[in-house]
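Colleague: return atomic coordinates for the entry below.
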Amino acid sequence: MPIINRIAGYADEMQEWRRHLHAHPELAFDCHQTAAFVVERLREFGVDEIHEGIARSGVVAIIEGNGQGPTIGLRADMDALPMDELTGLEHASTVQGKMHACGHDGHTTMLLGAAKYLAETRNFSGRVALIFQPAEEDGGGADIMVQEGVMDRFDIGQVYALHNAPGTDVGAFYTTPGPILAAVDEFRVRITGKGGHAAQPHETKDPIAAAVALYNAVQTIVSRNHFAQDDLVISVTQFHAGSADNVIPETANVSGTVRTFDKDTQAMVMRRLEEIVPGIAATYGVSAELSYEVGYPATVNDAEKTAFAVEVAREISAEVKDDVGREMGAEDFAYMLEKRPGAYLFIGNGDTAGLHHPLYDFDDSVSPVGASYFARLVEKAQPAR
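Modeller: The predicted model follows:
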């Protein structure tokens, strides 16, 4: 079964929705205009319940099917990124410093397309909970929605999400059972020495020298402290120090990211940083303060639900890969999968710029494919009685 014909008929409408959302990006939890647009569409569709203000600007809508049954959850993220767009498109961002560079405008559109179809046809039993979530990029909106009781309040038994994938054929799907995306943590180290004239370094305690040594030492965690077959990435991504060529500064700041799948590996990294940082400080006669922030957990697909999602995807697309291996990116849908079984799949976005790139744009031809996938998930998981 290819794209659902009725949903294919929404293609122009979905393009209008998506391009409106793209032109009006919002960040983190402040997705109020986006949520209002979503709610307006949902009311037009005639959904049964709309619950607003979850995680500040999140929305959950309920559509009742034909006959009693469980509730299946479908999630789309709504937030954009704090960056300028360079596409020059007619529907480019109208807000300086904000851009839908990750395709969340497309994710929201795909779920709206499924919502319109499901509200019209109701060819399923039980209920579907449509989850429109803020703050995936920053803030862990999924975690907040879970903490505010979304899974229990709406009695969601299983939950699914999609993410577009540039560089993959339009409408292709790929996923894997078990861990698919990594846990993500952040670390920051503030080194304090003694500043002074660059011509008299012997009278200073140079925090830059200590920071460089710290950078090199951190790399040994991956190369010498963990089993090579356990996935681990540690990247130092920021190094800030100094303000003039002839001044040795008082402080230096080093920060970065840690990506893991295994909690023992994560704990090892934390332990080694706690050992390395004071060791470097003692070696260079400076003080150093480590801050380690545990972030999103690993995104772990339920094996049974993933097999089911793949079966549905194969009804929609001829190109479906079900065991592609895991990636080191992170995703806060992980919090929902910790509470309920489900699956996270990628859907091809064609030959576009990559995610988080200023030239990226979601391919509108993907919307009917993703909407059909969401709709068939519901109809196949909870057939009408």
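Colleague: how close does the closest residue to Val258 other than its chain neighbours sit to Phe132?
Modeller: Computed as Cβ to Cβ, 6 or more residues apart in numbering, the closest residue to Val258 that is not its neighbour in sequence is Asp185, at 4.3 Å. Just so you know, the C-beta spots here come from the backbone N, C-alpha and C atoms, and that holds for glycine as well. Remark: distance between Asp185 and Phe132 (Cβ to Cβ, to the nearest Å) = 27 Å.
Colleague: then Phe187?
Modeller: 32 Å.
Colleague: which of these two has more neighbours?
Modeller: The residue with more neighbours, out of Phe187 and Phe132, is Phe132; 29 against 20, by other Cβ atoms under 10 Å.
Colleague: helix, strand, or coil at the nearest residue to that one once chain neighbours are set aside?
Modeller: Leaving aside its chain neighbours, Phe132 sits nearest to Val59 (4.2 Å; criterion: Cβ to Cβ, 6+ apart). Using DSSP: H, G, I helix; E, B strand; the rest coil, the structure places Val59 in strand.
Colleague: OK, contacts around Val59?
Modeller: 35, 38-39, 42, 50-52, 130-132 (Cβ atoms under 8 Å, 6 or more residues apart in numbering).
Colleague: any idea how far it lies from Lys98?
Modeller: Taken as Cβ to Cβ, the span from Val59 to Lys98 is 20 Å.
Colleague: report pLDDT for Met1.
Modeller: Model confidence at Met1, given as pLDDT, is 50.
Colleague: so Pro368 is in which element?
Modeller: Pro368 belongs to helix 367-381 when assigned by DSSP states H and E.
Colleague: can I get that helix as CSV, trimmed to CA atoms?
Modeller: Output in CSV follows, covering the C-alpha atoms of helix 367-381 (Å, rounded to 0.1, in the frame of the first residue of the first chain):
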residue,chain,number,x,y,z
SER,A,367,4.8,15.1,4.3
PRO,A,368,2.2,12.8,2.8
VAL,A,369,4.5,9.8,3.3
GLY,A,370,5.0,10.5,7.0
ALA,A,371,1.4,11.3,7.5
SER,A,372,0.4,8.1,5.9
TYR,A,373,2.8,6.2,8.1
PHE,A,374,1.4,7.7,11.3
ALA,A,375,-2.2,7.0,10.2
ARG,A,376,-1.5,3.4,9.3
LEU,A,377,0.3,2.9,12.6
VAL,A,378,-3.0,3.7,14.3
GLU,A,379,-5.2,1.7,12.0
LYS,A,380,-3.0,-1.4,12.1
ALA,A,381,-2.2,-1.2,15.8
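Colleague: all numbers from here: first residue = 309
Modeller: Renumbered: residue one is now 309, and that last one reads helix 675-689.
Colleague: report the buried residues of it.
Modeller: Residues 675-687, 689 are the ones in helix 675-689 that count as buried (16 or more other Cβ atoms under 10 Å).
Colleague: this protein - how does it break down into domains?
Modeller: Domains of the chain are assigned by automatic domain parsing as 313-488+606-689, 491-602.
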